[in-house]
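**Student:** missing the sequence, but the structure's below:
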Ligand code: SF4
């Protein structure tokens, strides 16, 4: 088997604020294989967006800074690259798609001009070849009459069509990795599904790996091969998507699944709120909200990632360590935590 395309190890990204140093990403590790779709999922404040932005130094600096870890992409550590070396990777081999397509498009230029710019930035082609490529990309992302619409301006497109244009721009250089951060959140539900299908189709067609950042487990179920669950700057669980939905092992993952509207009357919001990112608690970051927390959860470091079932399914929870009974978590027995630590939020 070939090496993963992207290997992130012990990534640490911090923000210096008036309130103190925010440890937004605190020792995060995961990998993405070529052509694979990995979803990073978690609540707002989990660190998932900063993780995606840290890959190509998109974190605003100051106040943000990647202070630790390695980001190995196709064998090279991106953290060691100069700004100019990284520029040849950003947009070219790793492209980003963000939540709001409006922000990614310049209102004073036609979409064709903007896609041509993206093409010529990364490829040595003539203007007419770049235009033909722009039309082809618009066509491939499902813009009807692409040869005509190529001369239209962003305001002449709907929200869903704008996001298609942004995806076409991101694909201009045929990147190896597409990082899409909540790419459907600003769109209405029917358009969301079209964009997700589009991402899946272009990924298959271009053999692009996809790192999709989302708070929405419905989106995860639709597109993911593998899932990384983050909470308060840490990875809590990682598993194949079927395994994660069939056998969620971390209490936080189980709580996220319990929030899904499909649970009907069984749906439950997660009580409490995320810990203060400038002063995270000792032990497991989830302990104040966890119904199974015991004394060992409140001391030391975040529990290490250990196998839960098969080797590709790992979880950061004391109940999967020797001497503990994991069925307490998986059968929902307990609670050992009497709820006194849960802070209403
Ligand atoms: S049982 Fe302890 S270690 Fe496991 S998720 Fe709950 S608080 Fe964290």
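**Tutor:** Yep, that arrived. Quick caveat: nothing in here was measured; it's all calculated off a predicted structure.

**Student:** which other residues reach stretch 74-84?
**Tutor:** For stretch 74-84, contacts defined as Cβ atoms under 8 Å, 6 or more residues apart in numbering pick out 3, 5, 55-57, 66, 69-72, 86, 89, 93, 176. C-beta coordinates here come from the backbone N, C-alpha and C atoms, glycine included.

**Student:** and it, how far out from the chain middle?
**Tutor:** How far stretch 74-84 lies from its chain's middle: 21 Å, per Cα atoms, centre = their mean, to the nearest Å.

**Student:** got the buried residues for it?
**Tutor:** Across stretch 74-84, burial judged by 16 or more other Cβ atoms under 10 Å covers 74, 78-79, 81.

**Student:** any idea which of those is closest to residue 104?
**Tutor:** Checking the buried residues of stretch 74-84 against residue 104 with Cβ to Cβ, the nearest one is residue 78 at 21.7 Å.

**Student:** quick one, phi psi at the closest one?
**Tutor:** Main-chain dihedrals, residue 78, degrees, to the nearest 10: phi -60, psi -30.

**Student:** over to residue 71?
**Tutor:** Backbone torsions of residue 71, given as degrees, to the nearest 10, read phi -130, psi 90.

**Student:** who does it bridge with?
**Tutor:** residue 8 (DSSP bridges).

**Student:** for it, give me its contacts.
**Tutor:** Listed by Cβ under 8 Å, 6+ apart, the contact partners of residue 71 are 6-8, 11, 54-55, 77-79.

**Student:** give the contact list for whichever residue of the stretch 101-250 of the chain sits closest to the ligand.
**Tutor:** Here the residue of the stretch 101-250 of the chain nearest the ligand is residue 250; by Cβ to the nearest ligand atom that distance is 5.8 Å. With contacts defined as Cβ under 8 Å, 6+ apart, the neighbours of residue 250 are 229, 236-237, 286, 308, 315-317, 329.

**Student:** who touches the closest residue in space to residue 44 that isn't next to it in sequence in this structure?
**Tutor:** Leaving aside its sequence neighbours, residue 44 sits nearest to residue 215 (Cβ to Cβ, 6 or more residues apart in numbering; 6.6 Å). Applying Cβ under 8 Å, 6+ apart, one finds that residue 215 lies in contact with 41-44, 48, 182, 185.

**Student:** farthest-separated two in the contacts of residue 71?
**Tutor:** 7 and 54 (13.8 Å).

**Student:** which parts of the stretch 151-300 of the chain are helices?
**Tutor:** 159-170, 189-206, 217-223, 241-246, 251-258 (DSSP state H, counting those that start in this stretch).

**Student:** possible to save those helices as TSV with mean neighbour count?
**Tutor:** TSV is the format used below for those (neighbours: other Cβ atoms under 10 Å):
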stretch	mean neighbour count
helix 159-170	24
helix 189-206	16
helix 217-223	19
helix 241-246	17
helix 251-258	22
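
**Student:** weakest of those helices in terms of mean pLDDT?
**Tutor:** Mean pLDDT per stretch puts helix 189-206 lowest among the helices of the stretch 151-300 of the chain, at a mean of 84.

**Student:** isn't residue 40 up against residue 236?
**Tutor:** No. Using Cβ atoms under 8 Å, residue 40 is not in contact with residue 236; the gap is 11.3 Å.

**Student:** can you give me the strands in the stretch 201-345 of the chain?
**Tutor:** 209-214, 226-231, 234-240, 306-308, 310-315 (DSSP state E, counting those that start in this stretch).

**Student:** in the stretch 51-200 of the chain, where is pLDDT below threshold?
**Tutor:** Counting by pLDDT under 70, the stretch 51-200 of the chain contains no low-confidence segment.

**Student:** 80 instead, please
**Tutor:** Filtered on pLDDT under 80, the stretch 51-200 of the chain yields the residue ranges 122, 186-187.

**Student:** which residues of it lie near the ligand?
**Tutor:** By Cβ under 6 Å from any ligand atom, no residue of the stretch 51-200 of the chain approaches the ligand.

**Student:** give me the residue from the stretch 51-200 of the chain nearest the ligand.
**Tutor:** For the stretch 51-200 of the chain, the nearest residue to the ligand under the criterion Cβ to the nearest ligand atom is residue 51, separated by 20.1 Å.

**Student:** list the contacts of that residue.
**Tutor:** Residue 51 neighbours (Cβ under 8 Å, 6+ apart): 8, 11, 13, 25, 28, 40, 213, 230.

**Student:** from those residues, which is closest to the ligand?
**Tutor:** Here the nearest of the contacts of residue 51 to the ligand, counting by Cβ to the nearest ligand atom, is residue 230; it sits at 13.4 Å.

**Student:** please parse this structure into its domains.
**Tutor:** 6-229, 265-330 (automatic domain parsing).

**Student:** return the most buried member of those domains.
**Tutor:** Burial of the domains of the chain is given as mean neighbour count (mean count of other Cβ atoms under 10 Å); domain 6-229 ranks first at a mean of 19.
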